[in-house]
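J.: Let's see this in three dimensions:
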Amino acid sequence: MLKRYITFSLFAISGLSLALPFSVWAFCPLCVVATGALTGVFRWLGVDDLIIGLWLGGFLFATSIMAGNYLKLKVKKLANYSIAMAIVLYGLTIILLYFDGILSAPYNRIFGISRIIIGLVAGSLLFLITPYLNKLLKRTNNGKNFISHQKMLLGIFLLLSFSLVAYFL
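T.: The predicted structure is shown next:
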């Protein structure tokens, strides 16, 4: 019962935070919603935990950046809220995965580390390099995007590419 209450509370807070108006974004809201929705769909379809971890890592990284930027606009006491939001979001996610039993499955490990944790780290790193790749692409095109929503599509493309690699491994 407590586990359901904690899970419901986490999703309610996450949903409420997406409904608040944001004026400055490091990642666009469409990117965060797309990665979050695809993570849920993949879990529902029974996709491997490594691939789910990739998408969950991208979702948590983008959400922590967006929430940190929102807090930086509203409260200017701390220098970087994104790191604090990342610690909270990643911590709550790992705690919920642990209590749900996903992290403790003995058959679901690579070198003794849970597959979803490996995917979580890899997905976060992919979203970490997305802005740098976007700047590199813009630099080759005289400071303009090649296509509309280039940064979002680049992040989704990286996650899809690595998901295909993980699927065939």
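J.: so where does the most centrally placed residue in the chain fall, helix or strand?
T.: Centroid-nearest residue in the chain, with C-alpha atoms, centre = their mean: residue 59, separated by 1.8 Å. Using DSSP states H and E, residue 59 maps to helix 49-74.
J.: Then residue 148?
T.: Residue 148 belongs to no helix or strand, assigned by DSSP H and E.
J.: Number the residues from 12 up from this point.
T.: New numbering, starting at 12: the last item is residue 159.
J.: For it, what are phi and psi?
T.: Phi and psi for residue 159, reported as degrees, to the nearest 10, are phi -70, psi 140.
J.: can you pull the contacts of it?
T.: By C-beta atoms under 8 Å, 6 or more residues apart in numbering, no residues touch residue 159. Quick note: C-beta positions are derived from backbone N, CA and C, even for glycine.
J.: quick one: it and residue 172, what's the gap?
T.: 20 Å (C-beta to C-beta, to the nearest Å).
J.: Check the residue lying farthest from the centre of the chain and give its pLDDT.
T.: Ranking residues of the chain by C-alpha distance from their mean position (C-alpha atoms, centre = their mean) puts residue 153 at the top, at 29.8 Å. Note for residue 153: predicted pLDDT of 82.
J.: How about residue 24?
T.: In this prediction residue 24 is given a pLDDT of 49.
J.: do the one 5 residues further on as well
T.: According to the model's per-residue confidence, residue 29 sits at a pLDDT of 47.
J.: Tell me where the model's unsure across the chain.
T.: 12-43, 45-47, 50, 87-91 (pLDDT under 70).
J.: same thing but 80
T.: 12-54, 77-96, 111-119, 154, 156-163, 180 (pLDDT under 80).
J.: mind listing the helices for it?
T.: 13-30, 40-56, 60-85, 92-111, 126-151, 161-179 (DSSP state H).
J.: among these, which is the most enclosed?
T.: helix 60-85 (a mean of 23; mean count of other C-beta atoms under 10 Å).
J.: now the angle from that helix to helix 161-179?
T.: Per axes from the mean of the first three to the mean of the last three C-alpha atoms, to 10 degrees, the angle that helix 60-85 makes with helix 161-179 is 160 degrees.
J.: Kindly calculate the angle that helix 60-85 makes with helix 92-111.
T.: 140 degrees.
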